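K.L.:
Model the structure of this input:
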Amino acid sequence: MSRYPSHLSPNITPTKSKSQKSRARREPSGVFSLFQPPQIQQFKEAFALVDQDRDGLIGEQDLKDTFASLGIVPSKDMMEELLTSRPGGRDSQSSEDPRDRGVNFAMFLTMMSEHLFEFDAEAELLEAFGSFDESDSGTVKADEIRKWLNETGDRMSQAEIDRFLKGSFLGRQGNFNYKEWVKVLRVNEDDEEAQA
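P.N.:
Residues are numbered from 1 along each chain as shown. Down below sits the predicted model:
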């Protein structure tokens, strides 16, 4: 027993306050960092609409009730696919645990992120270049592209810009044919996918 009060003696095992413990438990998973809080709230509302029994898991009965409210009669195969699909392309086919045949909110959010972040690169590139193409000719002045790539957003070095604008897509008048460039990109991506 020490002659000093307990609050002055050294504490060998530091204890965390209740708020520190609570905060540690509530660390968000990686998927939560992909979205802004208002987006996450919208996903929570969508999840709650489907999770009819409010157990935190979208299960078979939840899906049946949701489809019924929409006037859809799902096939057994469709139900099985929805209940066993997992983020990242993994499936839980052979599990007997009924909780493995549903989707919790973190899984739901991951699945939404996988679908939302898939985009049509061709359409987006055409739209981006099109914003500089005032005559809608499929070409943009190389000097203008050079200026934008060097001065805004994720700036590119002069060497990177030169490499980008070099080749058969740059016309004699100094115009970059972005429509042809995007077509070649698409063909190259299709070839890579076919080889994989």
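
K.L.:
Just give the number of residues close to residue 139.
P.N.:
21 (other C-beta atoms under 10 Å). (C-beta placed from N, C-alpha, C; glycine too.)

K.L.:
in the sheet, who's paired with it?
P.N.:
Note on residue 139: beta-bridge partners by DSSP bridges are residue 177.

K.L.:
Neighbours of residue 111, how many?
P.N.:
16.

K.L.:
Kindly report the same for residue 43.
P.N.:
Residues near residue 43, counting by other C-beta under 10 Å: 18.

K.L.:
Check residue 149 too.
P.N.:
Residue 149, neighbours per other C-beta under 10 Å, totals 18.

K.L.:
Correct me if wrong, but it is in a helix.
P.N.:
Yes - secondary structure of residue 149 (DSSP: H, G, I helix; E, B strand; the rest coil): part of a helix.

K.L.:
Contact partners for the residue nearest to it when sequence neighbours are not counted?
P.N.:
Sequence neighbours aside, residue 156 is the residue nearest to residue 149 in space, at 4.6 Å (criterion: C-beta to C-beta, 6 or more residues apart in numbering). Counting by C-beta atoms under 8 Å, 6 or more residues apart in numbering, residue 156 touches 149, 150, 164.

K.L.:
a markdown table for those residues, including distance to residue 60 and pLDDT?
P.N.:
Formatted as a markdown table, the contacts of residue 156 follow (distance: C-beta to C-beta, whole Å; pLDDT from 0 to 100):
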| residue | distance to residue 60 | pLDDT |
| --- | --- | --- |
| 149 | 52 | 86 |
| 150 | 56 | 86 |
| 164 | 52 | 82 |
